[in-house]
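Participant: What follows is a predicted protein model with its sequence.
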Amino acid sequence: MEKQFEHETVLKNETVNGLNIKEDGIYVDCTLGGGGHSEQILRQLSEKGRLIAFDQDEIALEHAKNRLKGFSGKVTFVHSNFQHLKQELRNIGISEVNGFVFDLGVSSPQFDEPERGFSYRFDAPLDMRMDRSQSLTAFEVINHWQFEEIVKIIARYGEERFAKQIARKIEKAREKKPVETTFELVEIIKDAIPAPARRKGGHPAKRTFQAFRIAVNNELQVFEEALNDAIDMTASTGRIAVITFHSLEDRICKQVFKRRSTPQELPKGLPIIPEGFEGELSLVNRKPILASEEELESNSRAQSAKLRIAEKK
Ligand SMILES: C[S@@+](CC[C@H](N)C(=O)[O-])C[C@H]1O[C@@H](n2cnc3c(N)ncnc32)[C@H](O)[C@@H]1O
């Protein structure tokens, strides 16, 4: 029997309502996943409206194509990293967009498929690639990258205070034989974290797994560049909605939105603000929107979700 591909969409109404959809507009879902946000957008578009949906994961795309087949005249699927947003949209003749959605991270089916190696809950080869055509895997990073680089990854992307200790244990383990599986990595992490700290704050491997996943997929740099590209391509009064799941992503979103909504420093003595010196964005919500109690009850993944929306002037 075919495995179910089910991803519970987070902050669905808040995100799509926040886009202020024009029924004949052009919208881009940068992270199609299970297709929940895309479906909600497509329902609000007339025959003239259009949705372009990106995912770098071919399996996600195949399932979402099936879910959205009733909208086939209005939707275009793109198998690509959103890193190539500008070029891919230009390739299909689009230079201006009325709204973008980013719902970052990994979908539930990706997490729950043991062989993809995202989860510390299943024993699997160290993979963690969202795009399986990419050559860099977690195995490569963990076994071949230098000690200092590994410390940096775990400390920066995992915000793990025992980064050095974990990296040291990885180095010791790989001297004997390559670290091959998620469970081997879990054991190394547990061994590196002192027992009292191990018992606090969720699974001890959570932060380190997040760190390697971010490194393998170069998630933060790609997101920052794509968010700037999306802002460049947004039409006047168009909106950008971003859902993040950890503080590193949220910080990038907050800073990019802030920078691009802040007026540039003016040459002194000008009577009026010339075009190009005003901020290009206004923030639709100053504080991030969080999931409601009701949503949290049915979807624990929504707990760390934060939604920020900005509008192009
Ligand atoms: C949280 S899920 C999106 C769920 C979707 N909004 C829904 O309602 O079903 C994130 C999806 O984005 C994809 N993704 C993450 N980073 C990406 C990137 N840089 N380029 C393209 N797709 C990406 C993942 O493969 C995953 O399928």
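Facilitator: That came in fine, so what should we check first? Residues are numbered from 1 along each chain as shown.

Participant: For the helix or strand A173 falls within, buried residues please.
Facilitator: Secondary structure assignment for A173, by DSSP states H and E: helix 163-176. Counting neighbours by 16 or more other Cβ atoms under 10 Å, one finds that the buried residues in helix 163-176 are A163, K164, Q165, I166, A167, R168, K169, I170, A173, R174. To be clear about C-beta, it is placed using only N, CA and C from the backbone, and glycine gets the same treatment.

Participant: Please apply the same query to stretch 225-233.
Facilitator: Taking 16+ other Cβ under 10 Å as the neighbour-count basis, stretch 225-233 is seen to contain the buried residues E225, A226, L227, D229, A230, I231, M233.

Participant: same question, stretch 115-130
Facilitator: R116, G117, F118, S119, Y120, F122, A124, L126, M128, R129, M130.

Participant: Could you do stretch 279-294 as well?
Facilitator: G279, E280, L281, V284, P288, I289, L290, A291.

Participant: cool, stretch 65-72 as well?
Facilitator: Of the residues in stretch 65-72, those buried by neighbour count under the rule 16+ other Cβ under 10 Å are L68, F71.

Participant: re the thing from before, so can I have a markdown table of the buried residues of stretch 225-233 showing pLDDT and distance to S247?
Facilitator: A markdown table is the format used below for those (pLDDT from 0 to 100; distance: Cβ to Cβ, whole Å):
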| residue | pLDDT | distance to S247 |
| --- | --- | --- |
| E225 | 98 | 19 |
| A226 | 98 | 19 |
| L227 | 98 | 16 |
| D229 | 98 | 23 |
| A230 | 98 | 21 |
| I231 | 98 | 21 |
| M233 | 98 | 27 |
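
Participant: by contact count, what packs against the helix holding A173?
Facilitator: For helix 163-176, the elements it packs on are helix 138-144, helix 147-158, helix 182-192, judged by 3 or more Cβ pairs under 8 Å, 6 or more residues apart in numbering; DSSP states H and E.
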